[in-house]
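A.B. asks: Sequence plus predicted model, see below.
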Amino acid sequence: MAISIAKADGTQEPFNPEKLVSSLMRAGAEHALARDISREVERELYNGITTQEIYRHAFAKLREARRGAAARYSLKRAILEFGPSGFPFEAYLSELFRAEGAQTEIDQIIQGACVEHEVDVVVHFPHSKSGQKGGVMFVEAKFHNAAGFKTDLKTVLYVKARLEDIQAHRTSKGIEEPMRGLVATNTKFTDVAARYAACAGLEILGWEEPAGNTLHDRIDKAGLYPITALTTLGRREKMALLSQKIVLCNALGSNTRALSVAGVSGPKADRVLEEVGSLCVPSQHIE
């Protein structure tokens, strides 16, 4: 009889060992190691076990074998650790778009036809070699500090209204630059929110949306891992780095003073930088 596991959103599903193996391998674990960890985790299962408990078991075993892979495996929870302000998530999205070749600005006031709007991230895309206009994208960043929270229809509706007001102003000023809108979240969207966005021409970006180009996919491809993914740092040290506006782990390689300010020095700082070196590599280069 299949073991039933409780997901973060309160629903239940049968435990799927292949799904666990796949997530471990995506983080950089070899197939044999991923299989061994999955078998060990299966021995600890019971009906109603939460996905969080399964993660903790698998993470502990992976950390013993491959610290860098463990940090990648913890990526989703690392982003949940950004804290209540949401600013690190906005900064993180900005860096992700920059890594993909765009120019970005954070926390901008954009004029609409009726009122001004505070936009979390403004993304300027370069002109393509074929001559196609690059355009601008206005991004609403919806950060949640618990995996069970989803971005709902209400959020998508007000973002659509905001974008329509901005577009009306741009049209009145004769601005022909292509404009796009995006709602980005570190968790998921409700089904109705995703359906409305698709119908209304509003792009979404979440942990599992859109298929083939999710937030997880794009982070892996760019190799942009947050400092909260580092397993050699404690929570207080991570928060101290975030307070210095250090969001990416690869920023520590050229800014070791930030570690010192956060209270990390000596052999521990060496271990942190060693982990940074093993973690901040795009997934396609993981062996």
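C.D. replies: Sure, I can see it. The structure presented is a predicted model; accordingly, all values stated were derived computationally and were not measured.

A.B. asks: how many neighbours does the closest residue to Lys76 other than its chain neighbours have?
C.D. replies: Of all residues not flanking Lys76 in the chain, Trp207 sits nearest, at 6.3 Å (Cβ to Cβ, 6 or more residues apart in numbering). C-beta: built from backbone N, CA, C; applies to glycine. Per other Cβ atoms under 10 Å, the neighbour tally for Trp207 reads 18.

A.B. asks: Trp207: what's it in contact with?
C.D. replies: 76, 185-188, 214-216 (Cβ atoms under 8 Å, 6 or more residues apart in numbering).

A.B. asks: on contacts alone, who are the packing partners of the helix or strand of the chain with the lowest mean pLDDT?
C.D. replies: Sorting the helices and strands of the chain by mean pLDDT, DSSP states H and E puts helix 67-73 at the bottom, at a mean of 82. Contact analysis of helix 67-73 by 3 or more Cβ pairs under 8 Å, 6 or more residues apart in numbering; DSSP states H and E lists helix 17-26, helix 51-65, helix 266-279 as its packing neighbours.

A.B. asks: chain center to it: distance?
C.D. replies: Centroid separation between helix 67-73 and its chain, computed with Cα atoms, centre = their mean, to the nearest Å, is 15 Å.

A.B. asks: okay, now Gly135: neighbour count?
C.D. replies: So Gly135, with other Cβ under 10 Å, has 15 neighbours.

A.B. asks: for Ala70, same thing?
C.D. replies: Ala70: 24 neighbours (other Cβ under 10 Å).

A.B. asks: Against Ala27, how distant is it?
C.D. replies: Noted for Ala70: a distance of 7 Å to Ala27, by Cβ to Cβ, to the nearest Å.

A.B. asks: which other residues reach the least confident helix or strand of the chain?
C.D. replies: Contacts of helix 67-73 (Cβ under 8 Å, 6+ apart): 23-24, 26-29, 58-59, 62-63, 78, 220, 225, 229-232, 275, 278-279, 283, 286.

A.B. asks: Quick one: buried ones out of the residues you listed?
C.D. replies: Taking 16 or more other Cβ atoms under 10 Å as the criterion, what is buried in the contacts of helix 67-73 is 23-24, 26-29, 58-59, 62-63, 78, 220, 225, 229-232, 275, 279, 283, 286.
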